[in-house]
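Chemist: give me a model of this one.
(one chain, ligands or ions: 1)
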Amino acid sequence: PLQKAVDDAPEGSLTALRRQARDCRACELWKPATQTVFGEGPAHARVVVIGEQPGDQEDLAGKPFVGPAGKLFDKALGEAGIERDQLYVTNTVKHFRFEPRGKVRLHKRASAEQQAACRPWLAAEIDRIQPAALVCLGAMAAQAVFGASFRLMAQRGAWIDLPDGRRAMATVHPSYLLRVPDPDEREQAYAQFVRDLTLMREAL
Ligand code: URA
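Modeler: Below you'll find the model as predicted:
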């Protein structure tokens, strides 16, 4: 799916892309959102990490993975011996989607159409950065990279060669870890997440 989106990808440097993405109107999510949350990190990072979509805090800060899921991601990266500033971190969808509920804004998953509308940005980021490897956090990112038939829990934690010569790996999303109800299971799931992330070191 990403391969195809490259054809529709905007031109220009990564900096130019970021600027253009501020005014994106390819879907309707821009309207209620505060701002576009574009990717962040070295322009020639070896690894691009792809999340799902910004949450409340990312929407306000304009930066990916700064809220609770981002904090857990940072902690797990540390335990895997990886520095976040080596990575280019971005999302499949670049606007926060939410439902207002009184004073809070409840996270709502972006639709398939919204994901597809945003795909050229992700394809362009990867095209400009030319990383050796992609790491997908969660099923939305994994399906953007590998296609809709990808099954996260069966295929996570292993490198898969992509047709473009890169390799890619998927693992769970950190916000999933925050929601595992049983503490022992949560701890095990977190340990497996750290093991998956450790594989990234081979690509750095
Ligand atoms: N979850 C994501 O997938 N991305 C973010 O940037 C924050 C939370």
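
Chemist: where along the protein do the helices fall?
Modeler: All helices of the chain, identified by DSSP state H, fall at 2-5, 14-21, 56-61, 68-79, 112-129, 139-146, 152-155, 174-179, 183-198.

Chemist: residue of the protein closest to the ligand, please.
Modeler: residue 51 (2.9 Å; Cβ to the nearest ligand atom). Quick note: C-beta positions are derived from backbone N, CA and C, even for glycine.

Chemist: what sits against that residue?
Modeler: 64, 65, 69, 89, 90, 91, 92, 137, 138, 141, 173 (Cβ atoms under 8 Å, 6 or more residues apart in numbering).

Chemist: could you dump these into CSV with pLDDT, neighbour count and distance to the ligand added?
Modeler: As requested, the contacts of residue 51 are arranged in CSV below (pLDDT from 0 to 100; neighbours: other Cβ atoms under 10 Å; distance: Cβ to the nearest ligand atom, whole Å):
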residue, pLDDT, neighbour count, distance to the ligand
64, 98, 26, 4
65, 98, 26, 4
69, 98, 23, 4
89, 98, 23, 8
90, 98, 23, 8
91, 98, 28, 5
92, 98, 24, 8
137, 98, 27, 6
138, 98, 21, 6
141, 98, 29, 8
173, 98, 23, 6
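
Chemist: who in the chain is up against the ligand?
Modeler: Proximity of the chain to the ligand, by Cβ under 6 Å from any ligand atom, involves residues 51-55, 58, 64-65, 67, 69-70, 91, 175.

Chemist: ok, so of these, who is nearest residue 181?
Modeler: Among these, residue 175 lies closest to residue 181 (Cβ to Cβ), at 13.9 Å.

Chemist: pretty sure that closest one is touching residue 69, no?
Modeler: Yes: taking Cβ atoms under 8 Å as the definition, residue 175 is a contact partner of residue 69 at 4.1 Å.
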